[in-house]
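**Q** Next one to model:
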Amino acid sequence: EGNFHGRTITIVGMSSDPDSTGGFGPFTPGFEVIPYDDLPALEKALEDPHVCAFLVEPIQGERGVYVPAEDYIPKAIALCKERNVLFIADEIQTGIARTGRLLASCHNSGCSCSKGLCEDPDPAKRPDAVLLAKALSGGMYPVSAVLANEAVMEVFTPGTHGSTYGGNPMGAHIAMESLAIVTDEDLCGNAERLGQLFRAEMQKLVEDYPWVKKVRGRGLLNALLIEPRKAADG
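**A** Numbers count the residues shown, from 1 in each chain. From the prediction side, this is the model:
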């Protein structure tokens, strides 16, 4: 619930947002939407032997930068591994240093992402697949990518899947340069430090103004919650 994975018809079909689904359809069947940040709900859903994958945002961006409990993502990954269900992390908004780690799913996994390099060698703690875009090119070029473990990628043999501009050499080169900058300039560490500073300063607004309710986020992905009435009144 509260997810945002894009605007194509299949993805919109799993949305709980009426603004996303209104006026569209019929939708692709076969999806079950469960509450976010709710491990018992996930565990119950995984009791169905027909469930093949769990798609989730490590931090829900469109919902208002909703950060789940510290142990939610690591335990969700463990549950999926236990039930032989693919864990797919949608890191399109959260990935590439934005939250203080190379990937938001690296938080609380033991991965330090030192200088932008993912340093968690344990595959049991990693998502089975990761979706990336946006910051993958530093905002300079439309680039997206799907990364997955070997068992998943071996399903796609040559010629079985493709797109007109897939593997665009310009996009690939820009993405490589962007990742090099993330590493060379320690943008993960920078986002972690500046994010802590930003939230500390924004917390002062929470303490000083009753209509500023809360600041939340990780790294430089943050939200300030303002009482709707006050926001409407300016």
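
**Q** Check which helices and strands the longest helix anywhere in the chain sits against.
**A** For the chain, the longest helix by residue count, based on DSSP state H, is helix 187-208. Counting by 3 or more Cβ pairs under 8 Å, 6 or more residues apart in numbering; DSSP states H and E, the packing neighbours recorded for helix 187-208 are strand 212-218, strand 221-226. All C-beta atoms are positioned from the backbone trio N, CA, C, and that covers glycine.

**Q** Just put these in a markdown table and tack on mean neighbour count and mean pLDDT.
**A** As requested, the helices and strands packed on helix 187-208 are exported to a markdown table (neighbours: other Cβ atoms under 10 Å; pLDDT from 0 to 100):
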| stretch | mean neighbour count | mean pLDDT |
| --- | --- | --- |
| strand 212-218 | 18 | 96 |
| strand 221-226 | 17 | 96 |
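
**Q** Format those strands as CSV; extra columns: distance to V12.
**A** Compiled in CSV, the helices and strands packed on helix 187-208 are given as follows (distance: least, Cβ to Cβ, whole Å):
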stretch, distance to V12
strand 212-218, 26
strand 221-226, 23
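
**Q** Nearest to T28 among those would be which one?
**A** Of all these, it is strand 221-226 that lies closest to T28, at 29.2 Å by Cβ to Cβ.

**Q** angle of the closest one against strand 212-218?
**A** 170 degrees (axes from the mean of the first three to the mean of the last three Cα atoms, to 10 degrees).

**Q** lowest-pLDDT helix or strand in the chain?
**A** Within the chain, confidence by mean pLDDT, DSSP states H and E is lowest for helix 228-233 among all helices and strands, at a mean of 65.

**Q** and the gap between the most centrally placed residue in the chain and C118?
**A** In the chain, the centroid-proximal residue (Cα atoms, centre = their mean) is E91; its distance is 3.1 Å. Distance, E91 to C118, using Cβ to Cβ, to the nearest Å: 12 Å.

**Q** again with T94
**A** 14 Å.

**Q** and these two? which has more neighbours close in?
**A** Taking neighbours as other Cβ atoms under 10 Å, T94 and C118 compare with T94 leading, 27 against 17.

**Q** ok, D90 - contacts?
**A** 5, 55-58, 131 (Cβ atoms under 8 Å, 6 or more residues apart in numbering).

**Q** Beta-bridge partners for it, please?
**A** Beta-bridge partners recorded for D90 (DSSP bridges): L131.
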